[in-house]
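A.B. asks: just a sequence and a predicted model for now, questions to come.
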Amino acid sequence: MALDKETLLNLYRNIVLIRTFEERVGEMYYEDKLPAFDIAAGPIPGEMHLYSGQEAVAAGVCAHLRRDDPVTSTHRPHGHMIAKGGDLNAMMAEIFGKKTGLCQGKGGHMHLFEPAIHFGCGGIVGGGIPHAVGAALAIKKRKEDRVAVAFFGEGAANIGAFHESVNLAAVWKVPVVFVVEDNLYAISVPKEASTSVRSNAERGAAYGIPAVQVDGQNAIAVYEAAQVAIDRARRGEGPSLIEAICYRFRGHFEGDAEGYLGAGEKLEWKEKDPINILGDQLKEQGWLSDAEAEAIQAVMSERVSAAELFARESPYPAPEEALEHVFA
């Protein structure tokens, strides 16, 4: 499947933006937390799960989505939201716990909701999978051509909500795409210690839906697989599953000692950096020079810096606002 220059450049820009955002958040996260690692200190309190290394999955899938296509994400949501076209300023402000954030500073980085782009996430493992199926059912009943997408990790593919959701999606033939981001570890547990099949793509056959495994470090491979699945869903032909083999370049959470990793494992995977893979593919086509790559990086760094400034200068919500927008 031949892809045009602008499509590939847009994929590249999105991947660079996600990486730039995540690495800057990672830097800011440690402000005032060390040397004792005080998780409550600094401008970004609480836990932090970053997406560096997995950018090709979010970018490759979301390149086919419209603003009105619903997406459910995970506890590692920034990349998905950026790829979907989320408001960078409001997301950064929410991460900082500021009033100008997506949830007025009350949700933090694992609870990002933006109705304008039909995006939501949560900290419950696999919690967004049934939500995506519910959205897809509503789409079908309304006879719309929208598509729902659920992103989740390979660990979530072992919970009941996954199996129940895929089964019902297949029975109801709803327009949903399940995207398994297999980054090899569910926190610190390797897939072979928790999963009875070699590949979660094998599970598609049990529910009678198409399923494919792709190289999640290769944005073009993800883009092509997602195009098939999303086009199929828009035509009313039902759900599909994509398993993307990828790798997180940082720990499961910031502060993770990563004692479970094999010697040299991370360095080996960093040789498969999705930015470099796509950048090299573009350069081979004569569509990207080193100077152009530097210019793209500069633009994305400027966007992230602007979002950081917005978040830092925004006010915190008043203490009494904690009692607002809650169920009695």
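C.D. replies: That came through, no problem. Numbering: from 1, shown residues only.
A.B. asks: going by C-alpha atoms from here, please, whenever you check contacts or count neighbours.
C.D. replies: Will do.
A.B. asks: which pLDDT does the model give the residue nearest the centre of the chain?
C.D. replies: Nearest residue to the geometric centre of the chain (Cα atoms, centre = their mean): His80, 3.2 Å. His80 carries a pLDDT score of 98 in this model.
A.B. asks: tell me what the helix or strand hosting it is packed against?
C.D. replies: For His80, the host element (DSSP states H and E) is helix 78-83. The contact analysis (3 or more Cα pairs under 8 Å, 6 or more residues apart in numbering; DSSP states H and E) places helix 78-83 against helix 5-29, helix 55-62.
A.B. asks: for the ones you listed, which one ends up most surrounded?
C.D. replies: For those, the largest average neighbour count (mean count of other Cα atoms under 10 Å) is found in helix 55-62, namely a mean of 30.
A.B. asks: how about the helices of the stretch 101-250 of the chain, start to end?
C.D. replies: Along the stretch 101-250 of the chain, counting by DSSP state H, counting those that start in this stretch, helices occupy 128-141, 160-172, 219-234.
A.B. asks: so which of those helices is nearest Leu8?
C.D. replies: Nearest of these to Leu8, taken as Cα to Cα: helix 219-234 at 7.9 Å.
A.B. asks: now that closest one against helix 55-62, angle please.
C.D. replies: 30 degrees (axes from the mean of the first three to the mean of the last three Cα atoms, to 10 degrees).
A.B. asks: list the contacts of helix 219-234.
C.D. replies: Under the contact criterion Cα atoms under 8 Å, 6 or more residues apart in numbering, helix 219-234 has outside partners 1, 8, 11, 56-57, 59-61, 63-64, 145-147, 174-177, 212, 214-216, 238-242, 244, 274, 278.
A.B. asks: give me the buried subset of these.
C.D. replies: 8, 11, 56-57, 59-61, 63-64, 146-147, 174-177, 212, 214, 216, 238-242, 244, 274, 278 (16 or more other Cα atoms under 10 Å).
A.B. asks: how much space between the closest residue to Ile15 other than its chain neighbours and Glu254?
C.D. replies: In this structure, Ile15 finds its nearest non-sequential neighbour in Glu55, 5.3 Å apart by Cα to Cα, 6 or more residues apart in numbering. Counting by Cα to Cα, to the nearest Å, the gap from Glu55 to Glu254 is 18 Å.
A.B. asks: ok, now Lys33?
C.D. replies: Taking Cα to Cα, one finds Lys33 at 11 Å from Glu254.
A.B. asks: got it, and Val189?
C.D. replies: 17 Å.
A.B. asks: what sits against Ala132?
C.D. replies: Pro70, Val71, Thr72, Ala148, Val149, Ala150, Val176.
A.B. asks: burial measure for the fifth one, as a count.
C.D. replies: What it means is Val149. 30 (other Cα atoms under 10 Å).
A.B. asks: surely Val71 touches Gly122?
C.D. replies: No: with contact defined as Cα atoms under 8 Å, Val71 does not reach Gly122; the gap is 11.8 Å.
A.B. asks: quick one, which of these two is more surrounded?
C.D. replies: Val71 (28 against 20).
A.B. asks: specify the beta-bridge partners of that one.
C.D. replies: Counting by DSSP bridges, Val71 forms beta bridges with Phe119, Val149.
A.B. asks: who's in contact with it?
C.D. replies: By Cα under 8 Å, 6+ apart, the neighbours of Val71 are His118, Phe119, Gly120, Ala132, Ala148, Val149, Ala150, Phe151.
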